[in-house]
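# Have a look at this fold, sequence not included:
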């Protein structure tokens, strides 16, 4: 029997984790992290989201740390983080499906200008502005063709959008035009009617979506950010919207979360905001994925979503 300490959420959330794991893996000893600190040397796996700094380092015999989110940069900001312990990001089919559906919804919302309908409904304005453009004549460019980016590209392609993908290394996918590296970024951007960021948060990607990058998009293009908030320079985005170079944006992540009530993004008529809710799988699905990862590691395998320090994700 191996031991998993849960350091996610509040203690009141722990029973639901316990039930989920007991159904899937009755041989797994699941305990709350504060109780686990009585005998930290007995803990092999640690489940986290936003643990206090120094917590992970208090468990000396960890086989792996499991994160309930796809982004792990906030964990690595811990000055006491145990970098020698394998760190695994959240995956699973439900996580991917939720992201696929969110991005498809966002692209369709931008294509049909549904933000205008919402604005008019709030003001009881019945004004018909017809949009006749279809998905087939709209190109979506996805920045970040990793696990989620590839799944999203497939879904958009199958829905009927023209799709192109850009990443640090070339990722070939049937029906999706591939671009790679800094040398091909400008060409990638020039043909994207809707730009979707699914980039990981690394020193290379922070502030990447700036005034220069946005200016390389076609006039009237739109932005969807489901990567990390630190990637978008919000002032540059607002300026591009203000001068009409961009027609709209759907934003799920922000540099500061919760988004400040004073942010100009809230009231912008071309911006749709969601509260970092694009893709979070159910408790049962998260537990199933973590059990799969633990069993893989116990068999001597390497999880697909193992954090790689050289890549930064």
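Arrived safely, thanks for sending. Here the structure is a predicted model, which is why all the values come from computation and not from measurement.
# ok now do residue 139, which residues does it touch?
161, 162, 163, 164, 191, 192, 193, 194 (C-beta atoms under 8 Å, 6 or more residues apart in numbering). (Each C-beta comes from the backbone N, C-alpha and C, glycine too.)
# Buried residues, stretch 132-147. List them.
Burial within stretch 132-147, assessed by neighbour count using 16 or more other C-beta atoms under 10 Å, is assigned to 135, 138, 139, 140, 141, 142, 143, 144, 145, 146, 147.
# where along the protein do the helices fall?
All helices of the chain, identified by DSSP state H, fall at 14-24, 33-36, 73-76, 93-111, 114-122, 147-159, 185-190, 211-215, 234-242, 283-298.
# Not counting its own residues, what contacts the third one?
This points to helix 73-76. Outside helix 73-76, the residues that touch it by C-beta under 8 Å, 6+ apart are 48, 50-51, 56, 65, 67, 81, 83, 87, 200-202, 228.
# got TSV for the residues you listed, with neighbour count and pLDDT too?
Shown next, in TSV, are the contacts of helix 73-76 (neighbours: other C-beta atoms under 10 Å; pLDDT from 0 to 100):
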residue	neighbour count	pLDDT
48	20	98
50	12	94
51	20	96
56	22	98
65	22	98
67	23	97
81	19	98
83	9	97
87	24	98
200	23	92
201	21	90
202	16	90
228	22	95
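# Pick the one among those closest to residue 108.
Proximity of the contacts of helix 73-76 to residue 108 (C-beta to C-beta) peaks at residue 228, which lies at 23.3 Å.
# ok, residue 231 touching residue 202?
No: at 9.5 Å, residue 231 and residue 202 do not qualify as touching, with contact defined as C-beta atoms under 8 Å.
# In contact with the residue nearest the centre of the chain, which residues?
With distances taken as C-alpha atoms, centre = their mean, residue 227 lies nearest the centre of the chain, 4.5 Å away. For residue 227, the contact set (C-beta under 8 Å, 6+ apart) comprises 143, 144, 197, 198, 199, 200, 201, 205, 253.
# Residue 133 and residue 111 touch, don't they?
Yes: using C-beta under 8 Å, residue 133 is in contact with residue 111, at 6.3 Å.
# for this protein, where's the lowest mean pLDDT among helices and strands?
When the helices and strands of the chain are scored by mean pLDDT, DSSP states H and E, helix 73-76 comes last with a mean of 92.
# roughly how far out does stretch 64-82 sit from the chain middle?
In terms of C-alpha atoms, centre = their mean, to the nearest Å, the centre of stretch 64-82 is set 15 Å apart from its chain centre.
# Can you check the distance spanned by that stretch, start to finish?
Terminal residues of stretch 64-82 lie 10 Å apart, using C-alpha to C-alpha, to the nearest Å.
# Flag every buried residue along that stretch.
64-70, 72-73, 75, 78, 81-82.
# try stretch 49-60
So stretch 49-60, judged by 16+ other C-beta under 10 Å, has buried residues 51, 55, 56, 58, 59.
# any idea how far residue 308 is from the first one?
In this case it means residue 51. Relative to residue 308, residue 51 is positioned 21 Å away (C-beta to C-beta, to the nearest Å).
# Please apply the same query to the last one.
According to C-beta to C-beta, residue 59 stands 22 Å off from residue 308.
# Now tabulate the buried residues of stretch 64-82 in CSV and tack on distance to residue 288.
Output for those, formatted as CSV (distance: C-beta to C-beta, whole Å):
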residue, distance to residue 288
64, 16
65, 18
66, 12
67, 16
68, 13
69, 16
70, 16
72, 20
73, 25
75, 22
78, 27
81, 27
82, 26
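# What is the most widely separated pair among those residues?
Largest separation among the buried residues of stretch 64-82 by C-beta to C-beta: 70 and 82, giving 20.5 Å.
# just how off-centre is stretch 153-170 within its chain?
The chain centroid and the centroid of stretch 153-170 are separated by 16 Å under C-alpha atoms, centre = their mean.
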